Structure formats: structure tokens, C-alpha cells
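Participant: Give me a model of this one.
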Amino acid sequence: MAFAGRSNVGKSSLINVLVNRKALVRTSSTPGRTQLLNFFDINGDFSLVDLPGYGFAKVPLSVKKEWGPMVRTFLETRHSLRAVVVLFDIRRIPREEDIQLLDWLEEYQIPTIPVLTKTDKVSRGQREKQIKPILEATGLPRDAFSLFSAPTREGKDEIWARIEEALAQDEEPGDDGHEPR
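Facilitator: Numbering: from 1, shown residues only. Presented below is the predicted three-dimensional model:
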């Protein structure tokens, strides 16, 4: 199960909340700290993979240029990958990189679990107003998205349920000898 999204969207915070650990994955206020694929074994049952963030990050251009090919290769060749949790900040309209990631997931037929993060940063009354342009930009239906807040833990159970459902899919090896997606 992989986690992807822009730099500073809350991937590390979501993983920490899901596994009930404060600092399994280091969080930073500086975007772009995750520069490699970070694997976290969960009780020997499966792995969570924190993919590098994309977009604004205070890292050298040479490092930024490696992210796209690294992530694309991971998506293309990781046959045990069951789904990708794609995070979007509820306060931001998805950009070209976000749409490119969704396109890659569709191209490789990888199930997507879209999550809107930082819901505690907008009032409940403002949520739907914030969500509308995200739906328009991604082309995804409203019910595809889970809402998440790290401080309040809102959405934790729903996201876990969706992850468990994805992990349960196609548990038998595929006809090609590889683990299925």
C-alpha cells in the first residue's frame, strides 16, 4: 500500500495516525524531506510505502528530476502493490503533477484511494465549497474521497477500511506468475 501526494500534504502524518505511532514516519514543516521510497513493515502482514512528495520542495533540481521516474518505475514494476492512497490538501486545487499521478495510476490499473487532508483547517460549512474544484480538477466522484485530519483523527477508520478492502483483493498470485495488483 503506497501513499502519494504533493510535498507537505500530510502523508507522514496520515501514516503515523493509521499505525498509532507519533513518529514512525518523521514529519517536517519543510516540504520535500521524503526523497526516497520509505517502506514500513506492518506486523509482517504488508508494507506501507511513503513515496516522495512532488511539487514545491526545497531540494536540488537534480533530486526533483529523479522523483517522477522513480515513482513511475515503482508503480509500473511493483506487482504486489494493491492500491495507492493519494492525498490532496482540501485547501488546494490539484495541479498538473496531481493529475499526472492519477493518470499513471489509471494507466497501470492501480486502485486509488483518494484522501482530502487537513480538513481541520477549514470549517465544516466551507468543506463542500473547497471540495468542488478538487472534484472538477480530478474528475473523481465525491464519494471516492475520504476526509482526514491528523489532529482530530477524523477519517482514520474509513481510510483503514478502504485499505483493508484493497489488501483483500486478488490475494492469489496472478496467471503471469507475478503477484496481482
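Participant: For Asp98, see how far away Gly53 is.
Facilitator: Separation of Gly53 from Asp98 (CB to CB, to the nearest Å): 11 Å. Using the backbone N, CA and C atoms, a C-beta is placed for each residue, glycine as well.
Participant: er, Asn20 I mean
Facilitator: 28 Å.
Participant: Neighbour count: the two, which is higher?
Facilitator: The residue with more neighbours, out of Asn20 and Asp98, is Asp98; 25 against 9, by other CB atoms under 10 Å.
Participant: for that one, helix, strand, or coil?
Facilitator: Following DSSP: H, G, I helix; E, B strand; the rest coil, we place Asp98 in the helix state.
Participant: returning to what we had before: mind listing the shared neighbours of Gly53 and Asp98?
Facilitator: Gly5, Arg6 (CB atoms under 8 Å, 6 or more residues apart in numbering).
Participant: Now Asp41. Its backbone dihedrals?
Facilitator: Backbone geometry at Asp41, expressed as degrees, to the nearest 10, gives phi -80, psi 130.
Participant: Tell me who's in contact with it.
Facilitator: When contacts are counted by CB under 8 Å, 6+ apart, Asp41 touches Ser47.
Participant: Got the confidence number for it?
Facilitator: Asp41 is assigned 87 on the pLDDT scale.
Participant: Tell me the spacing between it and Leu48.
Facilitator: 8 Å.
Participant: list residues touching both of the two?
Facilitator: In contact with both Asp41 and Leu48: no residue, using CB under 8 Å, 6+ apart.
Participant: I'd say Arg153 and Val17 touch.
Facilitator: Yes: using CB atoms under 8 Å, Arg153 is in contact with Val17, at 5.7 Å.
Participant: Check which element follows the lowest-mean-pLDDT helix or strand in the chain along the chain.
Facilitator: The least trusted helix or strand in the chain, going by mean pLDDT, DSSP states H and E, turns out to be helix 61-77, with a mean of 75. For helix 61-77, the following helix or strand on the C-terminal side (DSSP states H and E) is strand 84-89.
Participant: what sits against Gly5?
Facilitator: Lys11, Gly53, Tyr54, Val86, Leu87, Phe88, Asp98, Thr117.
Participant: pLDDT score for Ser80?
Facilitator: 91.
Participant: What number of residues are in the vicinity of the residue nearest to Gln100 when sequence neighbours are not counted?
Facilitator: Spatial nearest neighbour of Gln100, excluding adjacent residues (CB to CB, 6 or more residues apart in numbering): Gly68 at 7.9 Å. Neighbour count for Gly68, taken as other CB under 10 Å: 15.
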